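>>> sharing a model that was predicted from the sequence below.
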Amino acid sequence: MKRKSPGEFIIEVEGLYKTFPGGIRALHDFATRIRRREVVVIIGPSGAGKSTFLRCLNGLEDFERGTVTVDGIPLDENKENRLEIRKEVGMVFQSFNLFPHLTVLENVNLAQVLVRNKSKQEANETTMSLLEKVGIPEKARVYPSQLSGGQQQRVAIARALAMVPKVMLFDEATSALDPEMIGEVLEVMKALAREGMTMVVVTHEMGFAREVGDRIIFMDEGMIVEEGSVEQIFSRPQEERTKQFISQIL
Amino acid sequence: MKFFLVIVALAWLLYRGTERLGYNWQWHRVPKYLVTFEDGKLILGPLMDGLIVTLRICSWSLLLSALFGLVTALLRMSDSFVGRALARGYLELIRNTPLLVQLFFMYFVFAPVVGIGRFGAGVLALSLFEGAYASEIFRAGIVSIDKGQWEACHSLGFSTFHTYRYIILPQAIRRIFPPLTSQVVALIKDSALVSTVAIYDLTMQAQVIISETFLTFEVWFTVAAIYLILTVALSTIADTLVST
């Protein structure tokens, strides 16, 4: 595995192209760099390529051209590199994707034991402290189907954190939740941001974006239309497309 | 009530038919081919011996066909071109030739070459045949698992083996179980074909008895009933297992 010396940027993306079958342009010459401890929030209309970009960062989605480098590791044909990147990058999905046949405890334990080679006892301890952190230690022994959506998503966050990732990706983590449960998940995400976790967040929650976003990327049609601080994007957008989008959602 | 009437009607037809043939029913001669008592000891008759052979063949074939089926299903879904081609070739070959021909091929061609007996040849032919169908069942079960499960595993850095072993297969097996049961029932029925290569299974024993005694109707009725009891019992057990 060839690894460049890890620098200031934990994620470097250059000239990323991705077209879906049927000629739909998902990413078009997409490039960005993300600093350590930075919280980047990606906003934009649906179909803009936000999720596709996120999924390219840990190799869930293939791309046609361009480069993705995570913590000095290039994401390429080399399967070992891809595996290594996936160990460093946690991901939270819109549909939770918990393992329904395993208890909450087992859901969070499994990757620690299989991928990080921890003993079951070590894993248990880590899991319990993580469940404590996301506020549901009492649910360790139940199955995901017995939890509310908000609780499931908090377990999913704990599961990703159990790998001690260097970056966390959130793919519309609150979009599938009932309104009264969005708050509890956002609280966990905000706490993570405050702890200094590097985060890339695709969301429609503009309140969250304003509160914790270090940088906002507004994208449309697979390209970055405009990026900048919360202040720049929400209060003084330059591009016509951005202004239009911001006025619609605020 | 309708069901009952149909049964009565069928029985009457059969009775009339055999009467016209002048068939001499001798049911009392059948039991000794099942079990006999000698000096207070239970001795299994040839039909029961045959049943044991059938059960042995089916058990081995079941194990092997599950193995063939799973490996083929995984190969078909793998990234490897060679693996997919192999699996595809196996499936097409098996599903597009008669089981009887496969059995003869195994017994007359393959078995002498590699030096396995007729029992081995019979088991191998059956397992390869049922394995091809089982693999489709496995594959359907595996692809029915939500894509999100795969993505979650990938994002956590699981290997493909770990993903199958801990996440995909445990969930798939619950959905696979009912169709797999009907495949096992098919296996039991198809196992009767091994009688053609002189394996003394239930069917072969029946043929032997009939050639000696001319109890054609009685013995075939009995043998059919034994197969029926076997398969119905299996389905019932499987149903109870699923519902618990």
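It's in. Numbering: from 1, shown residues only, chains lettered A, B, ... in the order given.
>>> what sits against A:Gly196?
Counting by C-beta atoms under 8 Å, 6 or more residues apart in numbering or on different chains, A:Gly196 touches A:Arg37. No exception for glycine: its C-beta is placed from N, CA and C like everyone else's.
>>> check contacts around A:Val185.
A:Val185 makes contact with A:150, A:153-154, A:157, A:173-174, A:177, according to C-beta under 8 Å, 6+ apart.
>>> mind checking which of those are buried?
Taking 16 or more other C-beta atoms under 10 Å in any protein chain shown as the criterion, what is buried in the contacts of A:Val185 is A:150, A:153-154, A:157, A:173-174, A:177.
>>> now, these that are in helices?
A:150, A:153-154, A:157 (DSSP state H).
>>> in a markdown table: the residues you listed, plus pLDDT.
What follows is these, written out as a markdown table (pLDDT from 0 to 100):
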| residue | pLDDT |
| --- | --- |
| A:Gly150 | 94 |
| A:Gln153 | 96 |
| A:Arg154 | 96 |
| A:Ile157 | 96 |
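>>> dump the contacts of A:Val185 into TSV; add distance to A:Arg82 as well.
Listed next are the contacts of A:Val185 as TSV, based on distance: C-beta to C-beta, whole Å:
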residue	distance to A:Arg82
A:Gly150	32
A:Gln153	26
A:Arg154	28
A:Ile157	23
A:Ala173	23
A:Thr174	28
A:Leu177	30
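>>> so who does the residue nearest the centre of chain A touch?
Among the residues of chain A, the one closest to the centroid is A:Leu169, at 1.1 Å (C-alpha atoms, centre = their mean). Applying C-beta under 8 Å, 6+ apart to A:Leu169 gives the contacts A:54, A:57-58, A:89-92, A:199-201.
>>> check those and tell me the two furthest apart.
A:Asn58 and A:Val201 (14.5 Å; C-beta to C-beta).
>>> okay, strands next: where are they in chain A?
Assigned by DSSP state E, the strands in chain A fall at A:9-20, A:24-35, A:39-43, A:65-70, A:73-74, A:89-92, A:167-171, A:198-202, A:215-220, A:223-228.
>>> return the most buried member of those strands.
Compared across those, strand A:89-92 shows the largest average neighbour count, a mean of 28 (mean count of other C-beta atoms under 10 Å in any protein chain shown).
>>> quick one: is it near chain B?
Yes. Shown here: strand A:89-92 in contact with chain B (C-beta under 8 Å from any C-beta of the partner chain) through A:89-91.
>>> how distant is that strand from the center of its chain?
Relative to its parent chain, strand A:89-92 has a centroid offset of 5 Å by C-alpha atoms, centre = their mean, to the nearest Å.
>>> name the residues that touch that strand?
A:54, A:57-58, A:60, A:70, A:153, A:156-157, A:160-161, A:163, A:165-171, A:173, B:151, B:155.
>>> figure out which of the strands of chain A is closest to B:Met77.
Comparison of the strands of chain A against B:Met77 by C-beta to C-beta identifies strand A:9-20 as nearest, at 22.1 Å.
>>> so what strands line up beside the closest one?
strand A:24-35 (antiparallel), strand A:65-70 (antiparallel) (DSSP bridges).
>>> what's the closest of those strands to A:Lys120?
The nearest among those, by C-beta to C-beta, is strand A:65-70 at 29.3 Å.
>>> how far does that closest one sit from the chain's center?
Worked out by C-alpha atoms, centre = their mean, strand A:65-70 lies 17 Å from the chain centre.
>>> now swap in stretch A:196-209 and tell me
Worked out by C-alpha atoms, centre = their mean, stretch A:196-209 lies 9 Å from the chain centre.
>>> check stretch A:151-164 too.
12 Å.
>>> so is it next to chain B?
Yes. Stretch A:151-164 comes into contact with chain B (C-beta under 8 Å from any C-beta), by way of A:156, A:159-160, A:163.
>>> closest to B:Thr54 among the residues you listed?
Nearest member of those to B:Thr54, counting by C-beta to C-beta, is A:Arg159, at 48.9 Å.
>>> quick one: average pLDDT of the longest helix along chain A?
The longest helix of chain A (DSSP H) is helix A:179-194. For helix A:179-194, mean pLDDT rounds to 94.
>>> chain A contacts on chain B?
So chain B meets chain A at B:146, B:148-149, B:151-152, B:154-159, B:162, B:166-167, B:170-171 (C-beta under 8 Å from any C-beta).
>>> now with 10 Å, please.
B:79, B:145-163, B:165-168, B:170-171, B:173-174 (C-beta under 10 Å from any C-beta of the partner chain).
>>> what subset of the residues you listed is buried?
B:145, B:149-158, B:160, B:162-163, B:166-168, B:171.
>>> of those, which belong to helices?
B:149-155, B:160, B:162, B:171.
>>> for those residues, name the two members farthest from one another.
B:Ser155 and B:Gln171 (17.6 Å).
>>> so what secondary structure elements neighbour the helix of greatest length in chain B?
Counting residues, the longest helix found in chain B (DSSP H) is helix B:46-76. Applying 3 or more C-beta pairs under 10 Å, 6 or more residues apart in numbering or on different chains; DSSP states H and E, one finds that helix B:46-76 contacts helix B:31-34, strand B:35-38, strand B:41-44, helix B:81-95, helix B:118-143, helix B:169-190, helix B:202-213, helix B:216-243.
>>> by mean pLDDT, flag the weakest helix or strand of chain B.
strand B:35-38 (a mean of 81; mean pLDDT, DSSP states H and E).
>>> name the helices or strands packed onto that one?
Counting by 3+ C-beta pairs under 10 Å, 6+ apart, the packing neighbours recorded for strand B:35-38 are strand B:41-44, helix B:46-76.
>>> go through these and name the closest to A:Glu8.
That would be, of those and by C-beta to C-beta, helix B:46-76, which comes in at 43.4 Å.
>>> who touches the residue nearest to the spatial centre of chain B in this structure?
With distances taken as C-alpha atoms, centre = their mean, B:Leu187 lies nearest the centre of chain B, 1.3 Å away. Taking C-beta atoms under 10 Å, 6 or more residues apart in numbering or on different chains, we find B:Leu187 in contact with B:57-58, B:61-62, B:65, B:126-127, B:129-131, B:133-134, B:231, B:234.
>>> give me that answer again for 8 Å
Neighbours of B:Leu187 in contact, by C-beta under 8 Å, 6+ apart: B:58, B:61-62, B:65, B:126, B:130.
>>> could you give the number of residues near residue 180?
Chain wasn't specified; assuming chain A. 10 (other C-beta atoms under 10 Å in any protein chain shown).
>>> the intended chain is chain B.
21.
>>> ok, it to chain A distance?
Look at B:Leu180 and chain A: by C-beta to the nearest C-beta, to the nearest Å, they are 18 Å apart.
>>> that residue contacts B:Ile137, correct?
Yes. Contact status for B:Leu180 versus B:Ile137: in contact at 5.6 Å, counting by C-beta atoms under 8 Å.
>>> point out where chain B drops to low pLDDT.
Residue ranges of chain B with pLDDT under 70: none are present.
>>> contact residues of chain A facing chain B?
Counting by C-beta under 8 Å from any C-beta, chain A sits next to chain B at A:58-60, A:83, A:86-87, A:89-91, A:93, A:95-101, A:110-111, A:114-115, A:156, A:159-160, A:163.
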